Structures are given as C-alpha cells and as structure tokens.
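Engineer: My questions are about this predicted structure, shown below with the sequence.
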Number of protein chains: 2
Amino acid sequence: MARHARYDRKTALEKAVGLFWEKGYHGSSMKQIEQALDMRPGSIYATFGSKDGLFSEALAAYAEQGGRELAVHLKNFDSIVEGLQDYLRSIACSCGDEHAAPSRACMIVKTLLESSNTHPALAAQANSILAAIEHSIAELLEQARARGELVQSADSRRLARLLQAQIMGLRSMGERNLDPEAMQDLGDDMAAILDRYRTQH
Amino acid sequence: MARHARYDRKTALEKAVGLFWEKGYHGSSMKQIEQALDMRPGSIYATFGSKDGLFSEALAAYAEQGGRELAVHLKNFDSIVEGLQDYLRSIACSCGDEHAAPSRACMIVKTLLESSNTHPALAAQANSILAAIEHSIAELLEQARARGELVQSADSRRLARLLQAQIMGLRSMGERNLDPEAMQDLGDDMAAILDRYRTQH
DNA sequence: CTCCTTTTTGAACGATTGCTCAATTACGAC
DNA sequence: GTCGTAATTGAGCAATCGTTCAAAAAGGAG
C-alpha cells in the first residue's frame, strides 16, 4: 500500500448530486465540478472516468436517496394510501422553502427533459429509473388494494402512472416559485385525487 | 431601398422553435442553429441580436402557438369543461406519435427546468408565460362556473393550477415513451379529475 | 451601365469546453 | 532514515463555444 485516497467517493458523489441537481448536465462545467468536489481534474477522471460517468453515478445516487425518503414517509403511516397522500403534501410543503434543496424540481425529470434528444444514454438511464419508481408505486398500490384500502376495480399500475405524473407536475410547479399557500393547496388537491380510489370515502 | 431580405423572420423563428424545443437551450449550438435556419452567423445576429434573443423570441412564438391550439380545441365544444377534458386527452394521444413534434414535453417546462438555476432571464420569461397560461385557464374555469358547469365552491384559480400541473405531468410522462395505450389511460384519468368539480352527477 | 444602400457571407476571434498526462506529493514497508 | 507505490496536481491539449466585422453580393434609383 501507499498513499491514502484523500477523497471519499460517497461524499464526493453527494456534492456532485448537489451541483448536477441544481444546474443540470449541460449547465455544470468541469470547472464548477472541480470546485464543488474540491478535486482536480486528474482525480475526478481517475475516480469517475468522465463527466458522463460522474453524472450517471450522481443520478443513481439521487434516485436511491429519493427512494429512501419515500420509504421513510410510508413508515409513519399504517395506511399506505395515507402515506402516499402525506408524501404528496410534504413535497408541496418543501417547495415552499426557498433554498432548502438544490432545486425544487426532480433531478430525474430534469435529466429526462434535458437529455431526451441530445444524450440518449442519460435519457435511457432516467427512463429506467422512472420505470422502476412507477413499478414500486404500483406494488405499493397493489398491496393497498389487497388490504382493502383501495376499491377492487382500481388498476394499480395505471394508478401508479397517474400518481407519478402528479409528482412530476407538482415538483415542476415548485420551480415556479408560487406562494407556499398555493403549493400547499396543490398538494392537497393532488392527495384528494387518491380519495376517488379509496374504499372509505 | 436596396437588397431584399432573403429570410422571412417568421419562418426562421418557426425553425428555431423546432430546434430549441427538441434540444433545449444549452443543447442547441450556434452551428446547429445556422444549419436549421439556413442562415450564416452574421444574418442571425443582425436579425435576432444573440442566441439568447433568438431563444427568447422562439419561446414566445411557441407559447403563442400553444395558446392558439387550446383555443381551437375549445371552439369544438359547447362546454368549456368538456373542451378542457378533450384537450388533456388529445395531448395524451399526440404523445403516442413518435416523431410528430420535436418533443413530447412542453418547451416552456423544459426551459424552466433547464434555466432556473443557470439563466435567470430565461427562467423569468418561462415563469411569466406559465403565469399567463394559469391566468387564462382560471378565467376559463371562472366562466365555466358562472355558466353552472362547475360547482359554486370550486376555486377557479386553485383549480387552474391543478390543471396546469396535470398538463406538465402528462407531457413530461410523454417523454418516457410509454405505450400509447398507457398514455391514453393517463389522459382519461386526468380528465376524470375535473369531473369531481362538475355540477351534474 | 454606375452608384448607393442593405443584406449576406465566412474567416477568425477570445473564451471556454471536456479531458490528458508527466511531474509532484504523500504515505506504508522496510 | 530510504525506497516503492499510489494518489494528486495543474499546465495545457484539441475542439468547440458564442460572437464579430470587413469584404462580397444583390437589388433599386438615376
């Protein structure tokens, strides 16, 4: 063995997530990345291979963290549906804080829209992440239906897509900097959409 | 008078809309713009001032065209609410065609997400366009409420934001390349959300 | 035709892009 | 201490970025 690695891969990735989430792929230059990670180009390329590679890992890390956040929210509720409704409301609420997160919008959606016609590899990755999220939401809803929270006629996969579209719309609206009150109303209205599919009104 | 202008400003703008809508601001280089407009840099700068200026005009042109499309849809329906519902379904349907438009997603939302933390001027323009759209939807809904299409308790401005978020989510989902059938279901489900606020049954 | 005006052209600018690699530095083994 | 290995550095690469401007081209007026 010889010299220690000065940089922790995980914390470097977190900083990369912060920058890329805020400014996007094309909006983040290597010079800004060097500054954000406090690493020189050689170290960055030795560790992550390329800007593309770094972004790809950052996107994956972001998605994993997002999944954990949803899971935490659900643990606080006996009812799955109520957990999902609270999740929507909490997104709406967090969009009130100005600079709480690097961006109010979802990094995955930002990446999808930015790269869909310019960077096929990134678009494919964003797409597969969104498909995975859709699938896990569908599983949650199917579980909720089995528990009797949802009406039997509810199509869990179809409802999952509706729910995912709500999240996309909600978080994109967050970038508009509306009144916190308006955002909260929006979160409530989206949560209310789920009531349509519940057994007890 | 002397030499004629070889380029028509309006058709040049249409071509610019096509490129920028597809690839975004950072994703469209001046070289690509020159090719798309069939203009040399000098002419472009003489006509539009800068890449920023061209993008700004293209975004405004896109928004205007989008407004006209909504107006056309509404003309086909006696009921405002049914017109809006059909508008949602038609968006979902047009996301089925692969290369009908430069992009399935909305150029205004793409611009907002891309520029919110990198290009304040563009973000402000996208924001004001979205505010204007929200306002005109709210006026439509208020009109619908006055006509008795919507329940008296409906808050038209709040409902307008819910509707706008639906459109954002729907068109962003379009970039995912789902089955046309899934997109159509999504459009139907979003249209059904409006039923909650209608008077009859 | 000859002027005069206006538009178009494209070579070329300085700045920035993502990226490389030889030199330097820092640590563990001995 | 000396040596060997691995990580870090940063000057600098070729390419591309958005942009400029003097020169060329194209029409109308006389």
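Structural biologist: That came through, no problem.
Engineer: How about stretch A:12-27 and DNA strand D, any contact?
Structural biologist: No: Stretch A:12-27 is not in contact with DNA strand D by Cβ under 7 Å from any atom of the strand; minimum separation 9.4 Å. Backbone N, C-alpha and C define where each C-beta goes, glycine included.
Engineer: can you confirm A:A105 is in a strand?
Structural biologist: No: using DSSP: H, G, I helix; E, B strand; the rest coil, the secondary structure at A:A105 is coil, not a strand.
Engineer: Just the buried residues of stretch A:5-21, please?
Structural biologist: Neighbour-count burial for stretch A:5-21 flags A:Y7, A:A12, A:L13, A:K15, A:A16, A:V17, A:G18, A:L19, A:F20, A:W21 (criterion: 16 or more other Cβ atoms under 10 Å in any protein chain shown).
Engineer: tell me the two of these that are most distant?
Structural biologist: Based on Cβ to Cβ, the longest span within those runs between A:Y7 and A:W21 and measures 19.8 Å.
Engineer: ok, now how distant is A:A105 from A:E114?
Structural biologist: In this view, A:A105 and A:E114 are 11 Å apart by Cβ to Cβ, to the nearest Å.
Engineer: Common neighbours of these two, please.
Structural biologist: B:L113 (Cβ atoms under 8 Å, 6 or more residues apart in numbering or on different chains).
Engineer: quick revisit: mind putting the buried residues of stretch A:5-21 into JSON lines with pLDDT?
Structural biologist: As requested, the buried residues of stretch A:5-21 are exported to JSON lines (pLDDT from 0 to 100):
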{"residue": "A:Y7", "pLDDT": "74"}
{"residue": "A:A12", "pLDDT": "96"}
{"residue": "A:L13", "pLDDT": "97"}
{"residue": "A:K15", "pLDDT": "98"}
{"residue": "A:A16", "pLDDT": "98"}
{"residue": "A:V17", "pLDDT": "98"}
{"residue": "A:G18", "pLDDT": "98"}
{"residue": "A:L19", "pLDDT": "98"}
{"residue": "A:F20", "pLDDT": "98"}
{"residue": "A:W21", "pLDDT": "98"}
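Engineer: Identify those among those that sit within helices.
Structural biologist: Among the buried residues of stretch A:5-21, DSSP state H puts A:A12, A:L13, A:K15, A:A16, A:V17, A:G18, A:L19, A:F20, A:W21 in helices.
Engineer: Mind putting these into a markdown table with distance to A:L88?
Structural biologist: Output for those, formatted as a markdown table (distance: Cβ to Cβ, whole Å):
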| residue | distance to A:L88 |
| --- | --- |
| A:A12 | 32 |
| A:L13 | 28 |
| A:K15 | 29 |
| A:A16 | 28 |
| A:V17 | 23 |
| A:G18 | 24 |
| A:L19 | 27 |
| A:F20 | 25 |
| A:W21 | 20 |
